[in-house]
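[1] 3D, please:
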Amino acid sequence: MDEMRELKQIIIDDLKLEGLDPEDIQDDQPLFGEGLGLDSLDAVELVVILQKHYGIELKDMDKAREVFTNMNTLAEYVRVNRKKQ
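    Reported below is the predicted structural model:
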């Protein structure tokens, strides 16, 4: 499974996004608002997901807004910052 698909599946599972498959989430689709439709509580959950699955601590909310723009920005941030397991 490629990293992008794996990340999408983790988000679907952990956020309990029923009825979605990784293929349903476009790489450049906004994660919040009109895109995937995530909200501020989901943003907190995304921070937890990064910590739990990738060992990434994201404490700067301005940086989080940038990282959580879409799947491309999130996947790139994970690729660069993930802890080697």
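
[2] quick check: closest non-adjacent residue to residue 66.
    Sequence neighbours aside, residue 73 is the residue nearest to residue 66 in space, at 6.8 Å (criterion: CB to CB, 6 or more residues apart in numbering). C-beta here means a position set from N, CA and C on the backbone, and glycine is covered the same way.

[3] likewise for residue 77?
    residue 67 (4.5 Å).

[4] let me see the contact set for residue 74.
    Counting by CB atoms under 8 Å, 6 or more residues apart in numbering, residue 74 makes contact with 7, 31, 46, 67, 68.

[5] and the contacts of stretch 25-32?
    With CB under 8 Å, 6+ apart, stretch 25-32 has contacts from 4, 8, 11-12, 35-36, 38-39, 42-43, 46, 68-72, 74-75.

[6] chain center to it: distance?
    Once both centres are worked out by CA atoms, centre = their mean, to the nearest Å, stretch 25-32 turns out to sit 10 Å from its chain's centre.

[7] same question for stretch 66-85.
    Taking CA atoms, centre = their mean, the mean C-alpha location of stretch 66-85 is offset from the chain mean by 8 Å.

[8] save the contacts of residue 74 as a markdown table, and put in distance to residue 61, pLDDT and neighbour count too.
    Converted to a markdown table, the contacts of residue 74 look like this (distance: CB to CB, whole Å; pLDDT from 0 to 100; neighbours: other CB atoms under 10 Å):
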| residue | distance to residue 61 | pLDDT | neighbour count |
| --- | --- | --- | --- |
| 7 | 21 | 97 | 22 |
| 31 | 15 | 97 | 20 |
| 46 | 12 | 96 | 21 |
| 67 | 10 | 97 | 22 |
| 68 | 10 | 97 | 21 |
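
[9] take the residues you listed and keep only those in helices.
    Among those, DSSP state H puts 7, 46, 67 in helices.

[10] just checking, what packs against the worst-scoring helix or strand of the chain on mean pLDDT?
    Every helix and strand of the chain was ranked by mean pLDDT, DSSP states H and E. The lowest is helix 61-67, at a mean of 93. Contact partners of helix 61-67 among helices and strands, from 3 or more CB pairs under 8 Å, 6 or more residues apart in numbering; DSSP states H and E: helix 40-54, helix 71-81.
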